[in-house]
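Enquirer: Here is the input, now give the coordinates:
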Amino acid sequence: MMEFTTTTYDFAATRIPGEVLATAADVWSNFSMTDVDEDLDNALWFHNVLYKVVVPITFGLIIGVGVFGNALVVYITATCRSMRTTVNLLLLNLAVSDIIFLVVAVPFMAYHYAADNWLMGDVACKLAHFVLYATVYVTVYTLVAIAVVRFVSIVRASPRPMPAPGRVAGVVAVVWITMLAANSPLLAIYRVKSIAQRDSAPYYFCGIGDHLRYGPPLFISFFAFTYVVPLFVIATMYLLIVRYLVARRRRLAGGIRSRAERLQRMQSRRTSYAWRVFLAVVVVFAVCWLPMHVHLLVVYFGLQPDSRAYQVFRVFCHCLAYSNPCANPFVYHYVSADFRRCLADVAAAVAPGTCGHRKQPGRRRQQRYTLNGCTMSQLDGVNTVDQGRY
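Expert: Numbering: from 1, shown residues only. Predicted structure coming up:
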């Protein structure tokens with residue numbers, strides 16, 4: 001991915017030889033050496049500001065915010081007993097994958113943008129891309145697993161309790177093993193390459209060894225299996241959840257008036273919550289990754305413009321994709337009443353002059369309307385989901 005995501009800024013190629021300037025002076029009499037110097041200075045200034053100032057600062061903020069948010073998710077999930085549900089344990093795996101991505105992959109990308117040469121060796125080049133791709137796949141298919149589990153727990157709930165921790169551990173292990181094995185060829189594909197330069201040392205960069213052979217199929221498959229397929233599955237699962245809740249709300253309208261009105265109000269709240277979760281999950285995932293995939297496909301089909309505007313757009317694509325791990329804790333946890341309650345307990349425990357445990361009078365009511373907790377009220381009597389199982 002690095003080969004075409006950064007600008008191969010060739011300082012030697014930017015210099016204009018004297019004979020070329022002399023020829024240019026004969027052809028364009030109004031084009032002076034001062035104009036060449038000004039253009040070169042502008043190009044160098046733009047390159048330095050974008051790649052050596054904006055990129056490190058922006059990537060650093062993304063790493064800081066993302067690591068803090070996901071580490072908080074890991075801590076709260078590990079210490080708060082009410083957070084140990086099937087979906088939340090999958091979210092714990094999502095947070096761990098995001099932390100690895102932010103700590104390992106993003107710093108290498110920032111270095112590749114800001115440095116004039118890749119001086120970290122072949123091993124770092126291979127491992128950086130291997131970790132980047134593997135963690136992206138793990139993150140994406142953990143999101144798919146979360147959507148499927150939520151669909152099963154709400155629409156296809158079984159009356160018999162299931163060993164949730166064992167099933168979650170199995171799903172997580174399968175996802176990691178599969179994605180690590182599927183991305184292992186990247187260790188052979190990526191390597192340090194060099195470009196010979198006249199009057200200066202070679203330019204070294206980390207990229208695909210034979211990008212004409214491996215580039216297009218690699219990134220077409222990356223687009224298909226980390227964007228199109230998972231986005232379709234996630235959107236389908238949440239739409240089916242919303243459809244089920246809407247249909248159930250309509251069925252409740254035909255019951256006894258007092259009971260039906262009460263259950264219908266509860267079902268309306270669940271439906272509204274499901275829509276909010278669906279929109280947040282699908283929109284954030286789609287918006288964060290679509291520009292990056294569009295950029296990669298444009299590059300590998302040879303349509304990449306060489307303008308400064310597109311260079312800014314390229315950096316924006318990376319920043320938006322790398323900010324997705326920062327958004328995941330907010331999308332998947334802030335909407336959870338259990339997470340907000342545990343976060344408040346943690347904040348109360350560390351804040352000076354406050355008690356470490358707060359009484360939560362609305363706990364049972366809040367649990368009824370969370371998709372990762374008790375999704376169906378005990379009053380419904382149908383498809384009731386036990387908080388201990390999911």
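Enquirer: all strands for the chain, in order.
Expert: 190-195, 203-208 (DSSP state E).
Enquirer: For stretch 207-217, what does the pLDDT average out to?
Expert: For stretch 207-217, the mean per-residue pLDDT is 84.
Enquirer: quick one: it to chain centroid distance?
Expert: Relative to its chain's centre, stretch 207-217 lies at 24 Å (CA atoms, centre = their mean, to the nearest Å).
Enquirer: Out of the strands of the chain, which one sits most buried?
Expert: Ranked by mean neighbour count, the strands of the chain are led by strand 203-208 with a mean of 21 (mean count of other CB atoms under 10 Å). The way it works is simple: take the backbone N, C-alpha and C, and place the C-beta from them, glycine included.
Enquirer: Would you mind listing where the stretch 1-150 of the chain has pLDDT under the threshold?
Expert: Counting by pLDDT under 70, the ranges of the stretch 1-150 of the chain that qualify are 1-41.
Enquirer: out of everything not next to it in sequence, what's closest to Ile76?
Expert: Cys342 (4.9 Å; CB to CB, 6 or more residues apart in numbering).
Enquirer: what sits against the one you found?
Expert: Ile76, Thr79, Cys80, Ser82, Met83 (CB atoms under 8 Å, 6 or more residues apart in numbering).
Enquirer: Could I get the contacting residues of the first one?
Expert: Residues in contact with Ile76 (CB under 8 Å, 6+ apart) are Met83, Phe339, Cys342, Leu343, Val346.
Enquirer: likewise the last one?
Expert: Residues in contact with Met83 (CB under 8 Å, 6+ apart) are Ile76, Thr77, Asp338, Phe339, Cys342.
Enquirer: what do you get for the second one?
Expert: Neighbour list for Thr79: Cys342, Val346 [criterion: CB under 8 Å, 6+ apart].
Enquirer: Would you mind measuring from it to Cys342?
Expert: Distance of Thr79 to Cys342, given as CB to CB, to the nearest Å: 8 Å.
Enquirer: still on that earlier bit, please tabulate the contacts of Ile76 in JSON lines, including the columns distance to Arg198.
Expert: Formatted as JSON lines, these follow (distance: CB to CB, whole Å):
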{"residue": "Met83", "distance to Arg198": "61"}
{"residue": "Phe339", "distance to Arg198": "59"}
{"residue": "Cys342", "distance to Arg198": "62"}
{"residue": "Leu343", "distance to Arg198": "59"}
{"residue": "Val346", "distance to Arg198": "60"}
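Enquirer: Just the ones of those in helices?
Expert: Among the contacts of Ile76, the ones falling in helices (DSSP state H) are Phe339, Cys342, Leu343, Val346.
Enquirer: and Ala196, how many neighbours?
Expert: When neighbours are defined as other CB atoms under 10 Å, Ala196 has 9 of them.
Enquirer: Gly170 now?
Expert: Using other CB under 10 Å: Gly170 sits among 11 other residues.
Enquirer: And it, what's its pLDDT?
Expert: 88.
Enquirer: Please apply the same query to the one 5 residues further on.
Expert: pLDDT, the model's per-residue confidence, is 94 for Val175.
Enquirer: how close does it sit to Pro107?
Expert: Taken as CB to CB, the span from Val175 to Pro107 is 24 Å.
Enquirer: Over to Val155?
Expert: Distance from Val155 to Pro107, by CB to CB: 42 Å.
Enquirer: Pro56 too?
Expert: 10 Å.
Enquirer: next one: Val87
Expert: 30 Å.
Enquirer: neighbour count winner among those two?
Expert: Val87 (24 against 15).
Enquirer: Mind jotting down where the helices sit in the stretch 1-150 of the chain?
Expert: With helices called from DSSP state H, counting those that start in this stretch, the stretch 1-150 of the chain shows them at 2-5, 11-14, 18-27, 33-49, 55-79, 86-100, 106-114, 121-155.
Enquirer: before we move on, the earlier item: and of the strands of the chain, who's closest to Ile63?
Expert: Checking the strands of the chain against Ile63 by CB to CB gives strand 203-208 as the closest, at 19.2 Å.
Enquirer: helices or strands next to that closest one in the packing?
Expert: helix 2-5, helix 121-155, strand 190-195, helix 211-223 (3 or more CB pairs under 8 Å, 6 or more residues apart in numbering; DSSP states H and E).
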